[in-house]
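Engineer: Next comes the sequence, and after it the predicted model I'd like to discuss.
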Amino acid sequence: MAGGLAHPRTLEYTDRDPQGPVPQEAELTAGHRVESGRSYGFFTDTTLCIGCKACEVACKEWNNLPADQPGLTGQSYDNTGRLGAHSWRHVTFLERGARATSMPPFQSNWLMMSDVCKHCDPAPCLEACPTGALFRTEFDTVVVQQDICNGCGYCVPACPFGVVELAKEDGKAHKCTLCYDRLKGGLEPACAKSCPTDSIQFGPVEALQQRAAARVEELEAQGQTAAYLYGTPGGPGATGGIRRLNAFFLLTDRPERYNLPPAPSRPSRNARPSFLAGLATMAGLAVAAALIGVGRR
Amino acid sequence: MSATLQHRRPGTEAPRLPDAVQQDWHGETYHGRPAVKASSFDWRVSTYIVILGVAGSAQLIAALARRAGPEARGLVRRARLLALGGSMVGPLVLVQHLKTPSRWFNMLRIVRPTSPMSLGSWLLTGFGLLSGLSALGELLGRRWRFARRVGDAAQGPAALAGAGMSVYTAALLSSTSTPLWAAAPAPLAAQFGTSSMAGAASALALMQRAAGEERSARRLEALATLALAAEWLAGREAERRWRRAGIAAPIERGTTGALHHGGGKALGVVAPLAAHGLGRVVGGRVGPLLPELASLAVLLGGAAMRHAVLRAGNESACRPQDAFRVTQGARR
Amino acid sequence: MPSLGATFGRGAATLPQWDLANSDCVLVMGSNMAENHPIAFRFVMQAKQRGATVIHADPRFTRTSAMADIYAPLRAGSDIAFLGGIINHLLQNDLWFREFALPYTNLSTIVGEDYRGPGELGGYFSGWNAEGRRYSPESWQYDGVVVPSSLAEGYVEIEGFAEATRRLHEGPTPKDPTLQHPSCVYQILKRHFARYTPEMVEQVTGCPREVFLKVADAMARNSGRERTGAICYAVGWNHHTKGAQIIRTGAILQALLGNVGRPGAGLLALRGHTSIQGSTDIATLYDLLPGYLPQPHAFRPHHTLEDYLKVETSPTGWWNNFPKYYVSLLRAFYGAQATPENGRGHDLLPRIVGDHSQLPLTVAMANGVIKGLFVMGQNPVVGGSNSKLVQRGLAQLDWLVVRDIAETDTATFWRDGHLVRDGEMRPEDIGTEVFLMPGSLSGEKAGSFTNTHRLLQWHDKVVAGPGDSRSELWFTYHLGRRLQELYRASTREEDAPIRSLLWDYPVDEEGEPDAEAVLREINGYTWPEREQLASFNDLKSDGSTACGCWIYGGVFPQPGRNLARARKPDGPEGPGTHLGWGFAWPDNRRTLNNRASADPEGRPWSERKRLVWWDETKGEWQSPDQIDFVKTKRPDYEPDWSKRPAGMDALSGTQPFIMIPDGVAGIFVPSGLKDGPLPEHYEPTETPVRNAFHPGVEGNPPAKRWAHDLNPIAAPGDPRYPHVLTTYRLTEHHSGGTPTRIVPTTAELQPEGFCEIPTELARELGLRSTDWVVLSTPRGEIETRALVTDRLRPFRLGERRVFQLGLPWHYGWAGMATGDVANVLTAVVGDPNTGMHENKALTCALRPGRLARRGGQG
């Protein structure tokens, strides 16, 4: 029997101190150590997602997030509906097309994707934040500092993915922290750890990108030629000045089907043309005012 | 990385999807759910935009008028006080919009060059201080020459800051992922700027008329007329871009559409233009009422325009097809 | 699990979940595995990533179907027709694994001449007693020899049973290795399933023929020396009046394909709860004692210990050890009170007199026979069939004890239930005294889980439970202790069983018994020294050992060595049997019947599928797994029949199924099943169509029925109830819903009850998603929301178009996620073997709108 369910170092730990705490648990559960100064993120492989929502529950449990309780939507299995202040993981469900009986490998009729904050690089929310409440951590993730946020709400429309939201309860901006507290403790984020099919994979972004590229090739070899990466450099999702998404996805249909923008862009790029056009207008008006002789009787 | 995804210059076109994926977007959305989130900006923010726009442009007028010498003293004084008033009331309204108003000073923790809101916060702070100084010169200048000199020295920078105040709010809105705002950054700034200038000129014209300085008021009304004409053009350009992007529905239909067409355009631009035009044709015989009404219409219409843009933006954010339309990118 | 027991010898999953990753083809049927067993499904996904074909056959397209390569839609309750069709396809085209099935199954065994199948007798097997509505298995026996059942109850009601089975000592069962004998199992099987043609399959199941054939081909392709396939099933196979026979069909299929005892092969019974396997092992079922020993029965020859052992001990095979296990269990129960005078405690054990499973208890309650009820970790108002009958029964009780982690629907039936809602009773008219006692969650107590593949995993107490909450162990222990105190002075004979109970578990300062002490007893120790036993091989039938559950022997071999606690998985280079992780019964064997992974000569069938092999130099079997065979028995060993061999000595070196008296997999089961030696398609009790195989005999003839005014059954084809209804679970909720409907994070994921309605039917009725609908059956009506979907498709069965509706059954009125109780619709009818209800296939009516309520509410 081919085995291999555990990381080799698990054995060392279990030999050494079976009851004690495990330093760098992420190494055992995700195969990567968590060290400051490196970039970490998620690779969400939608071809492996079974829509169990364990990630949603694990996230809410770990982060102590309250329920949103939007009620029965009638939209497939999706009663969460969206990412928001209290929902940092959201599994999208799209029951596509006719009633298939035969499906080529990993070409399900249904699309399921566990959506999350993309921890963009550069991050529009962070670029918009006037208080510095949003900052980039030592793990290259983007986190809102709740003790600094004053609820100006500018990050909310700034986000090209509709991730950040102000909570009704405290008025502060909330979003996925990529389990900043867990990373500091050497633990894999809760959602990735709870994912039973490894649809959500956690690790250093570069390593994940390599793994993802290999997965695309593997899928291609198995006949799933629609697979592509969303959010890796140069690919869809990493557009308009967004270099890459630290939480990126493997998709098999148009991004819109997953509620992702096909070519998101960094909104701060609009500031300069807007400012310049505005100032030019004002200059023109000033000249006109001078010609009109404003002030003279 | 799949070989089908070719590198490209950012922002110009979207990378190609694999051939097996449907290449063209036929308007699919995810259960019709919004793709981006609407801002929490409400009437308080649009009020702030109007007030600070008028205040900012008033400083610009003050700076220009001061060059006309002593004869413009009244206008300069009123413009500076108008600017001071605006820069005091505006932030109060804005801070109320924060979910945690007591933390407003966190805006001044950092300078974020990529954030128009951060820059705007500093601009507003500077503008407020400069407006204070310039107004101080006006209020205390008769007793202390030093104050007058400080006020005059502050005038130039205040005017520059005022120009920024008139337009930065457009940059702020445009630098978001809200489809309607992001689709027309330059026209929106021109529209906001011209509307601010028209508003400031109209407000001062009203004040001048009240002070009996009718000729000065006429020049201001002429400036307002010119600004309105420019606003009309800028507005048309913005609408053209929205229509071309296929996202004009929120600002053209419903309550917001009514506000936009009836308030922003008819009341704020067409009516005053007609009134001032009529005044120009028939000369001084129409009396003060018509131009005064026109000036009021400019102010109200300017507020309606800003509010309509704000509302339409928030509505467009709830329309996933709009969000996807502006983020399609050009295809090969 | 009588079907796996009857076929392979043990009623449990034959392979560990993680071994699915080694499979080349996984058929998921009768299960929505991705949703209800997502952790196990991890390994299906691993197999798929390695290129395995994943098939889902189900009435509904689900999240499991979405992960499959082939989705085969079929009408709820038509599983036997579907699987029987595959068996027919294999036999007709000779696609079965002959080298495996010939030596390792009873295909070549000759059955007595009197046997007749339902094809010959118009829908009945031979031995049908119409009056008693039951079968006599006499005509199902092998030619000239009676075989005891390998199930818990070895005894079969046949004249001179015990003597007739002694023939097993005299020689091998009659065989024809050429398979030509008209009465050999192969020929019977071929005749039996010849009726299951692709046309018939399509007509009965509604599954398009080409899809069905694609499934059959995939199964056949992934069989043989180099390849293996696995079947995963869950309650979608159980919850039928023929559930045991559905599983039997799957088991026959796997036996023919050589898919048992080998890597990536077998039947994985997916259990509905965390420790359901453990609960059957430790015998929550009324007719079982721990370790699958039969509860003595008043109307069977069980009177004395000798009588009991005589009929229940198999002459041959592993079950020949039966007396050791039974006597040791009695010692564990009664300690020093188990004496030779009272049959080592046998006389103290209560006798059963009939069917005491949940369904008849429900009826008995409603009839006022039962006065008091303990409900522990269950929510029968939501989970029990015919909920209104259940509630009517609860209202007849004097007292009701509900132990749970929250106030369940069962605890509040008198206030918020259907009796009150429908205006049939007022709360003040219900005399039941309800005691609600707070239970604790797994993290609040120590204990073990036995998972779906027999793996015991220990969990420690992490935090103290809130308030007065107590563990089940605490409750049961102190209940027993107080009962003993109450009866201490009694001299009455009927009180002796309680007074004699050995009940001396150590408790901590809070009165909580030491869970490990219970596990030590379950493992077994010597008596009276109480020294831990290393395995069940050390058990004796003379009373010198005590053992609480023989199959768990070895889980606690030494003091301080609780193997359920072990947490050492194999690394990436390891064999992948993970023997260091937890403890799997029996004897830490991970793959059951794994001797079958080697060919008759003892060589692995292939390098790719290597698991067990004979090492001639060492003279013993080798494997990275624990070997499910006598370790030193040579592959060429043959019993010396002149010595009348007993037990394992009577099994040859090529008979891997050690729990079966004749050592081979039972494709044809002579004893143990109450509804036939072979599976036959019968319609559900409520069906929209006639049985195409034998019109007139629609349902399973011996299926259990209980007549009651509140339990009417719709006749087959009743036009008032035209649609097929199937109930199911959602991944977001747990069974009766108590643990998930009260927690906001899970409640919000599926916040309200709903009914899946096919698009075509919704169009006819003008329904849109989230509209209100009313579902009705002869038992009652419920209102719920519509969910219009293509997941369910209409079937054309002969002339008729039949719609299926899907209804999650988690909901009730308690907690945050609420909805009407699906089980108001279901009926109290049961499988003849297990008494399992039939909630996966019934008929119903559907109309838009809401229920009119007393008081004019909605």
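Structural biologist: Yep, it's here. Residues are numbered from 1 along each chain as shown, chains lettered A, B, ... in the order given.
Engineer: my read is C:Trp458 is in a helix, agree?
Structural biologist: No. Using DSSP: H, G, I helix; E, B strand; the rest coil, the secondary structure at C:Trp458 is strand, not a helix.
Engineer: how close does it get to C:Gly465?
Structural biologist: Using C-beta to C-beta, to the nearest Å, C:Trp458 is found at 18 Å from C:Gly465. C-beta: built from backbone N, CA, C; applies to glycine.
Engineer: out of these two, which sits in the busier spot?
Structural biologist: Higher neighbour count among C:Trp458 and C:Gly465: C:Trp458, with 20 against 17, using other C-beta atoms under 10 Å in any protein chain shown.
Engineer: contacting residues for that one?
Structural biologist: C:446-448, C:519, C:562, C:564-565, C:582 (C-beta atoms under 8 Å, 6 or more residues apart in numbering or on different chains).
Engineer: Serialize these to TSV and add fields for pLDDT and distance to chain B.
Structural biologist: Converted to TSV, the contacts of C:Trp458 look like this (pLDDT from 0 to 100; distance: C-beta to the nearest C-beta, whole Å):
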residue	pLDDT	distance to chain B
C:Ala446	95	46
C:Gly447	95	43
C:Ser448	94	44
C:Leu519	97	50
C:Asn562	95	50
C:Ala564	96	46
C:Arg565	93	46
C:Gly582	95	42
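Engineer: Looking at those, which are in strands?
Structural biologist: Under the assignment DSSP state E, the contacts of C:Trp458 contribute C:447-448 to strands.
Engineer: Can you name the helix or strand that the residue nearest the centre of chain B falls in?
Structural biologist: Centrality entry for chain B: nearest residue to the mean C-alpha point is B:Phe192, 2.9 Å, by C-alpha atoms, centre = their mean. Taking DSSP states H and E as the definition, B:Phe192 sits inside helix B:185-210.
Engineer: Which of the residues in that helix are classified as buried?
Structural biologist: Neighbour-count burial for helix B:185-210 flags B:185-209 (criterion: 16 or more other C-beta atoms under 10 Å in any protein chain shown).
Engineer: and what of stretch C:619-630?
Structural biologist: So, applying 16+ other C-beta under 10 Å, buried residues of stretch C:619-630: C:621, C:623-630.
Engineer: Would you pull up how far stretch C:379-398 lies from the middle of the chain?
Structural biologist: 23 Å (C-alpha atoms, centre = their mean, to the nearest Å).
Engineer: my bad, stretch B:61-75
Structural biologist: Its chain's C-alpha centre and that of stretch B:61-75 lie 24 Å apart, by C-alpha atoms, centre = their mean.
Engineer: And for stretch A:213-220?
Structural biologist: Computed by C-alpha atoms, centre = their mean, the chain-centroid distance of stretch A:213-220 equals 21 Å.
Engineer: who's in contact with it?
Structural biologist: Stretch A:213-220 is contacted by residues A:45, A:47, A:105-106, A:225, A:227-229, A:232, A:250, B:1-2, C:49 when judged by C-beta under 8 Å, 6+ apart.
Engineer: Do I have it right that C:Thr789 meets C:Ile757?
Structural biologist: Yes. Counting by C-beta atoms under 8 Å, C:Thr789 does reach C:Ile757; the two are 7.1 Å apart.
Engineer: Which of the two has more residues huddled nearby?
Structural biologist: Between C:Thr789 and C:Ile757, counted using other C-beta under 10 Å, C:Ile757 has the larger neighbour count: 29 against 20.
Engineer: tell me the contacts of the more buried one?
Structural biologist: Going by C-beta under 8 Å, 6+ apart, C:Ile757 touches C:765, C:767, C:773, C:786-789, C:792, C:805, C:846.
Engineer: how about the closest residue to B:Asn106 other than its chain neighbours, secondary structure?
Structural biologist: Nearest residue to B:Asn106, sequence neighbours excluded (C-beta to C-beta, 6 or more residues apart in numbering or on different chains): A:Thr131, at 4.0 Å. Of the three states, A:Thr131 takes coil under three-state DSSP.
Engineer: these two touch, right, A:Thr131 and B:Phe105?
Structural biologist: No. Using C-beta under 8 Å as the test, A:Thr131 is too far from B:Phe105 to be in contact (9.3 Å).
Engineer: Comparing the two, which residue is more hemmed in?
Structural biologist: Between A:Thr131 and B:Phe105, A:Thr131 has the larger neighbour count (other C-beta under 10 Å), namely 28 against 11.
Engineer: quick one: that one and B:Arg112, what's the gap?
Structural biologist: Per C-beta to C-beta, A:Thr131 is found 9 Å from B:Arg112.
Engineer: Just the buried residues of the helix or strand hosting C:Glu210, please?
Structural biologist: Element membership of C:Glu210, judged by DSSP H and E, is helix C:209-221. Judged by neighbour count (16+ other C-beta under 10 Å), helix C:209-221 contains these buried residues: C:209, C:211-220.
Engineer: pLDDT for the residues you listed - can I get that in a markdown table?
Structural biologist: Output for those, formatted as a markdown table (pLDDT from 0 to 100):
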| residue | pLDDT |
| --- | --- |
| C:Arg209 | 94 |
| C:Val211 | 96 |
| C:Phe212 | 95 |
| C:Leu213 | 96 |
| C:Lys214 | 97 |
| C:Val215 | 97 |
| C:Ala216 | 97 |
| C:Asp217 | 97 |
| C:Ala218 | 97 |
| C:Met219 | 97 |
| C:Ala220 | 97 |
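Engineer: Find the nearest non-adjacent residue to C:Thr818, please.
Structural biologist: Nearest residue to C:Thr818, sequence neighbours excluded (C-beta to C-beta, 6+ apart): C:Tyr811, at 6.1 Å.
Engineer: does the one you found really touch C:Gly819, like I thought?
Structural biologist: Yes. Counting by C-beta under 8 Å, C:Tyr811 does reach C:Gly819; the two are 3.1 Å apart.
Engineer: Which one's more surrounded, these two?
Structural biologist: C:Tyr811 (29 against 26).
Engineer: Distance of that one relative to chain A?
Structural biologist: Using C-beta to the nearest C-beta, to the nearest Å, C:Tyr811 is found at 11 Å from chain A.
Engineer: what number of residues lie near residue 152?
Structural biologist: Answering for chain A, as no chain was given. Using other C-beta under 10 Å, A:Cys152 has 31 neighbouring residues.
Engineer: nope, chain C please
Structural biologist: C:Ala152 has 22 neighbouring residues, counting by other C-beta under 10 Å.
Engineer: Does chain B have contacts with the longest helix seen in chain A?
Structural biologist: Secondary structure of chain A per DSSP state H: the longest helix is helix A:271-292. Yes. Residues of helix A:271-292 are located near chain B by C-beta under 8 Å from any C-beta of the partner chain, namely A:271, A:273-286, A:288-290, A:292.
Engineer: Now do the domain split for the chain, please.
Structural biologist: By default, I'm working from chain A. Domain assignment for chain A by automatic domain parsing gives A:28-68+A:76-265, A:271-297.
Engineer: switch to chain B, that's the one I care about
Structural biologist: Taken from automatic domain parsing, chain B resolves into B:39-175, B:179-332.
Engineer: Downstream of the strand or helix carrying B:Gly302, the next helix or strand is which one?
Structural biologist: Applying DSSP H and E as the criterion places B:Gly302 in helix B:289-317. Once the chain leaves helix B:289-317, the next helix or strand it forms, by DSSP H and E, is helix B:320-326.
Engineer: okay, now B:Gly254: neighbour count?
Structural biologist: For B:Gly254, using other C-beta under 10 Å, the count is 14.
Engineer: Please name the nearest non-neighbouring residue to it.
Structural biologist: Nearest to B:Gly254 is B:Glu315, by C-beta to C-beta, 6+ apart, at 8.0 Å.
Engineer: from what I can see the one you found touches B:Thr256, true?
Structural biologist: Yes. Between B:Glu315 and B:Thr256 there is a contact at 6.2 Å, judged by C-beta under 8 Å.
Engineer: what touches both of these two?
Structural biologist: In contact with both B:Glu315 and B:Thr256: B:Pro250, using C-beta under 8 Å, 6+ apart.
Engineer: Noted, bye for now.
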